[in-house]
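**Q** I would like to see how this sequence folds:
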Amino acid sequence: MSDNQGKDGEMMMAVILSSISVAENGADFTRHSHTNSADLGADFQFRALPSTFEKIDHITKGTYELLPPSDANCDPMHNQNTVPEKYEFARIDVKSSEVISKAGVDKFVSDIPKHPSTKYHILAGGELKGKAKETFVEQQELWANSGIQLQHWSRQALVNLSQHYEPPKPSLPDKPAESSSSSEGTE
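**A** Numbers count the residues shown, from 1 in each chain. Next comes the predicted model:
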C-alpha cells in the first residue's frame, strides 16, 4: 500500500469496477480526476444495465444466489419476450476512513443535485454509525421518492464484491503443437 490512504481506496475500487466490467455485459466506468482533486463528489461514474445493478445490490448485501445454468444463460438484451434494458448510471464516492462521519454523509448528499441524470449514488467504504447512519437512512428514503437510489457499500460489501468478481488475469495464447517430424538428421 502507498502512503496515500485515499488513493489506495480509489485504486481498490477501480480494480473492483474493472472486474465487474469484464464480467457483466455493458458495464463500464470512468474516473475523471486524480485523488484529492475536485470531482463534484464522483470519484467514479459507473454504467450498467438495471439487472446488473440489482445483482450488485444483492452481492453487496450477501443475498445473491447463483442462478441455475439454464437461467444463467438467459440474456435479457436478446430475449424476444422482453423489452431491452437501457443503461443506468451511478456516481461512486469512495471513502477510505474506518467510519464515515455525519459531515461526510451530508457532503455526499449535497453532491446529488450536481448529477441530475444519475439514478444511483453510492457511498463506498467505511462504516456508518450513529447520526451518520440515521442521516443516511433518512436521505435514502427522501431521495427514493424522486427515483434516486442511495446506497452504502460498506467494507464488507466491498469484500463481497471483490470475492464475487475476482480480477481477470492475462494469459498467453496457446502455443501451436510442435511438429513430430524434425528437419534434424535429414539431408
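
**Q** who's in contact with Gln140?
**A** Applying Cβ atoms under 8 Å, 6 or more residues apart in numbering to Gln140 gives the contacts 149-150. (Glycine included, C-beta is placed from N, CA and C.)

**Q** How about Phe29?
**A** Contacts of Phe29 (Cβ under 8 Å, 6+ apart): 14, 17-18, 21, 44-47.

**Q** Give me the buried subset of the residues you listed.
**A** With burial judged by 16 or more other Cβ atoms under 10 Å, the buried subset of the contacts of Phe29 is 17-18, 21, 44-47.

**Q** Which one of the residues you listed is nearest to Pro113?
**A** Distance to Pro113, by Cβ to Cβ, is smallest for Gln45 among the buried ones among the contacts of Phe29, at 15.9 Å.

**Q** for that closest one, helix, strand, or coil?
**A** Recorded secondary structure, Gln45: strand (DSSP: H, G, I helix; E, B strand; the rest coil).

**Q** which residues touch it?
**A** By Cβ under 8 Å, 6+ apart, the contact list for Gln45 reads 29-30, 32, 89-92, 118.

**Q** for this structure, what spans make up the helices?
**A** Counting by DSSP state H, one finds helices in the chain at the ranges 5-23, 50-61, 69-72, 102-110, 130-144, 155-164.

**Q** Sweet, I'm off.
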